Structure formats: C-alpha cells, structure tokens
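Could you work out the structure for the sequence below:
(2 chains)
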There are 2 protein chains.
Amino acid sequence: MSQSRLIFVTGNTKKLEEVKAILSDGPNPIEIDSQALDIDEIQGNTQEVARAKCRRAAEILNGPCITEDTALCYEALNGLPGPFIKYFLADIGHEGLNNLLVGFPTKNAWALCTFAYSAGPGSEPMLFEGRTDGKIVPARGPPVFGWDAVFEPNGTGLTYAEMPSEQKNKLSHRYRALEKLRRYLQSGDML
Amino acid sequence: MSQSRLIFVTGNTKKLEEVKAILSDGPNPIEIDSQALDIDEIQGNTQEVARAKCRRAAEILNGPCITEDTALCYEALNGLPGPFIKYFLADIGHEGLNNLLVGFPTKNAWALCTFAYSAGPGSEPMLFEGRTDGKIVPARGPPVFGWDAVFEPNGTGLTYAEMPSEQKNKLSHRYRALEKLRRYLQSGDML
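Below is the predicted model of the structure:
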C-alpha cells in the first residue's frame, strides 16, 4: 500500500478538507498538502483556464500538483459566465445572476468543476471534469457560499445552499470531478 | 525633431493604422512597428488585464512597447462584461448583448479603451484610458466590426457602426485613449 504526497493549490480550507477526505479514501490513499499561490487566471474556456493555472503552479512548486477551477455555465449564454462567474457574483449578486436571464427562454445551467493534475514542470496537465445540471433560481437557503443559493440541481427541488452537505457532496460538480481524479491517482499510473 | 520607434503589440491591421496615423502626428512623431504576440489575457479588472499584458509583452520583446485593450461596460452589471466582452459577443451575439439587460432598469454603458506603455522589461506599465459613454441598443448599421452596431454614444443618435469613420474617430474610446498616449509619448519624457 503506497502513500504519496501531493500539493493541492488552494487557499480555501473548505475545499482542502473535501479533497483530503476523498483522496485519502480507497486502497491507495494519497496524502495531500496544500499551498496558496497567487497565480493569475487567464481568460479562455474552462479547459484553457484550468490547464494554464496547473502548468504555472507546477513550475512554481517545481513538482507535482493539483489545481481546481469552478464555473457556472448558463445554457442561454452558451456556457457563460462560465469561468468568469466569480466576477458576476461579486458585481451583481444573486439577484443579478437571475436578472441576466430575464430576456432568455431557458434558465437551465450547469455547474462545472475542473481538477487539473500536473506531474511537474513541463508536464502537460490532465483534466478531470465534473458536471451537475440544474437551473438558476431566485436565491433560497443560506446565502453564504458563493452562488450555491441560486443553483438548483435537476430532480432535487433544493438549491445547493438548502441541501445537507451529505446530499450536496453526493451530486456536486466538485465531487464528480474529484472522483475522477481519485480513480486516476489511485490507479497508481503516475505516482 | 526626434524620431523613435516603438512596438505596438497587435495582429489587427485596422488598429495598427489608427495608432500609426495618430502617433505620427505632432511635433515629435513616434514611428510605430507592430508585432503580433500570443499572450494570454488574465482575468481581472480592465487595469489589471492591461498591465499584465503590457508587462509580459515587454519581457518577450525585451524592449519598449504599447498594448491595447478594449472593454464594453454595462452600468447595470457594475461594469461587466467589461474585459470579457469578446467572449459574450462571440457566444451570444448582438441580440444576446441586448437580452442580457432585459431584466435591468438601465441600458447605459461605456466603451473603455486602455493603452499601456512599458519602457521595457521590469518597467511598470503606464495606463492611458479613454472612455465614451452611451447605451446598448438593438443592432443598427453594418454588423461587421465587433459590438459597434449595438453601442450608441450619448448625444449622437447613431451607433458606432452607423457613423462615418471620421465622426467615430473623433469621439471613440480608442481615440480618447490614444490622444492621452500621444501627448505622453510626444512630451519626450521617456524616449
């Protein structure tokens, strides 16, 4: 039973705990350390943004690392705001995130999480995407965590913000991406 | 009468001609060469985006250079889409750029051009901003140049796309930024 250490680039303790919990599970547990790095995000689609950040992090750390990116994609806007969602949330809030869609026929959206893994400087990052489909709704539930209060995953009748964390963690975009990453890392192909 | 050469980082011949015409005017003409560079834009506000690009261009060119960035800022969205406008134009078109505002009380917007000048690698870029206020309207005029057909500068009754180029060039955000850059460069302080 091998055990390896890997740097997760984040300054967010909530995300760190979630990643640690999932990756330490299974037959080949991966030990995770974290480091906050000040890396500029680039403009581009979600895959370009994720690859650029992971490539840069591996250079700075001079070793293997994983990075994480989150996007909220509106069907009516062909996937936008997507990777720019944090600016829209900060500038127009939950109400604005709904108002953007008043002129469009569909409120469908998907939450997308992209984990990227690089084996080290110069090694092209691999991407692991998790997607959860749902719709944009007027805010319900505690408005404390990002856009969780305005995103209702299909078939649940609840926003992310209204769900117990055990329920959210079983269907969330982050969980789905992380499961793919875990299966890859624990296959032992690259460590 | 001194004459200096400066690299304008662009792959857009239309912008190059405009910049050449204005900077070659006046008592201290600046000769402009151009070079297209593949530089990732970062995410951030318009000033952060402009500074990062110019800084990187000066490193690559190992010398003085100017860069240009354009943003279209909606008052209702606290300045967004701003530097991300090219993605919105590409993904939702002129009609979508209007539809975004259906749920908001104001269609006011401003066009913002930011020229950045760096004296060379490691030299912090200086910014020259030009702003033109107006509003977002259903497309009028030839729909060929970016979002020109949906932006109507205040007091003109015409969209950018409907104006003769002489009229547009006297009030455009790019012209206003370029005039500031020209005055700075021709003051002879830095070349």
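
A:K168 against A:Y160, yeah?
Yes. In this structure, A:K168 is within contact of A:Y160 by Cβ atoms under 8 Å, at 5.5 Å. Quick note: C-beta positions are derived from backbone N, CA and C, even for glycine.

Among those two, which residue is more densely surrounded?
When A:K168 is set against A:Y160 and neighbours are counted by other Cβ atoms under 10 Å in any protein chain shown, the residue ahead is A:Y160, at 26 against 21.

tell me the contacts of the closest residue to that one other than its chain neighbours?
Nearest residue to A:Y160, sequence neighbours excluded (Cβ to Cβ, 6 or more residues apart in numbering or on different chains): A:D148, at 3.8 Å. The neighbours of A:D148, taking Cβ atoms under 8 Å, 6 or more residues apart in numbering or on different chains as the test, are A:141, A:159-161.

State the number of residues packed around A:G134.
Counted with other Cβ under 10 Å, residues neighbouring A:G134 total 22.

Is the most centrally placed residue in chain A bridged to anything, and to what?
When chain A is reduced to its mean C-alpha position, the closest residue under Cα atoms, centre = their mean turns out to be A:C113, at 3.1 Å. Going by DSSP bridges, A:C113 is paired in beta bridges with A:T70, A:G130.

wait, what's in contact with it?
Residues near A:C113 by Cβ under 8 Å, 6+ apart: A:68-71, A:129-131, A:172-174, A:176-178.

circling back to that earlier point, give me the distance between the residue nearest to A:Y160 and B:I136.
Separation of A:D148 from B:I136 (Cβ to Cβ, to the nearest Å) stands at 30 Å.

now do A:E17
With distances taken as Cβ to Cβ, A:E17 is found 43 Å from B:I136.

Please apply the same query to A:E124.
The gap separating A:E124 from B:I136 is 41 Å, by Cβ to Cβ.

Please apply the same query to A:V102.
Using Cβ to Cβ, A:V102 is found at 15 Å from B:I136.

And those two? Which one has more around it.
B:I136 (22 against 13).

Surely that one and B:W110 touch.
No. Using Cβ under 8 Å as the test, B:I136 is too far from B:W110 to be in contact (10.5 Å).

helix/strand/coil for A:F115?
strand (DSSP: H, G, I helix; E, B strand; the rest coil).

what are the bridge partners for A:E152, then?
Beta-bridge pairing of A:E152, defined through DSSP bridges, involves A:K135.

count of neighbours near it?
Using other Cβ under 10 Å, A:E152 has 23 other residues around it.

what pLDDT does it get?
Reading off the confidence values, A:E152 has pLDDT 98.

Distance of it relative to A:K135?
As judged by Cβ to Cβ, A:E152 and A:K135 stand 6 Å apart.

now A:E124
The spacing between A:E124 and A:K135, counted by Cβ to Cβ, is 35 Å.

between those two, who's got more neighbours?
For A:E124 versus A:K135, the count of surrounding residues by other Cβ under 10 Å is larger for A:K135: 18 against 12.

for the more buried one, what are its contacts?
Taking Cβ under 8 Å, 6+ apart as the criterion, A:K135 is in contact with A:107-109, A:151-152, A:154.

rewinding a little: list buried members of the contacts of A:C113 by neighbour count.
Those of the contacts of A:C113 that meet the buried threshold are A:68-71, A:129-130, A:172-174, A:176-178, by 16 or more other Cβ atoms under 10 Å in any protein chain shown.

For those residues, name the two members farthest from one another.
Taking every pair in these and measuring Cβ to Cβ, the maximum separation is 15.5 Å, between A:A71 and A:L178.

Format the buried ones among the contacts of A:C113 as TSV; extra columns: distance to B:Q35.
Listed next are those as TSV, based on distance: Cβ to Cβ, whole Å:
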residue	distance to B:Q35
A:E68	35
A:D69	31
A:T70	36
A:A71	33
A:E129	36
A:G130	40
A:S172	45
A:H173	41
A:R174	41
A:R176	43
A:A177	39
A:L178	43
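
and stretch A:96-105 with chain B, contact?
Yes. Stretch A:96-105 lies within reach of chain B by Cβ under 8 Å from any Cβ of the partner chain, at A:96, A:98-104.

and that stretch, average pLDDT?
98.

Next: stretch A:29-44.
Along stretch A:29-44, the predicted local confidence has a mean pLDDT of 92.

List the buried residues of it.
Of the residues in stretch A:29-44, those buried by neighbour count under the rule 16+ other Cβ under 10 Å are A:29-30, A:32, A:34, A:39-44.

Count the neighbours of A:L185 for me.
The criterion is other Cβ under 10 Å. On that basis, A:L185 has 23 neighbouring residues.

list the helices and strands the helix or strand it falls within packs on?
Secondary structure from DSSP states H and E places A:L185 in helix A:173-186. Judged by 3 or more Cβ pairs under 8 Å, 6 or more residues apart in numbering or on different chains; DSSP states H and E, the packing partners of helix A:173-186 are helix A:13-23, strand A:30-35, strand A:65-74, strand A:108-118, strand A:126-136.
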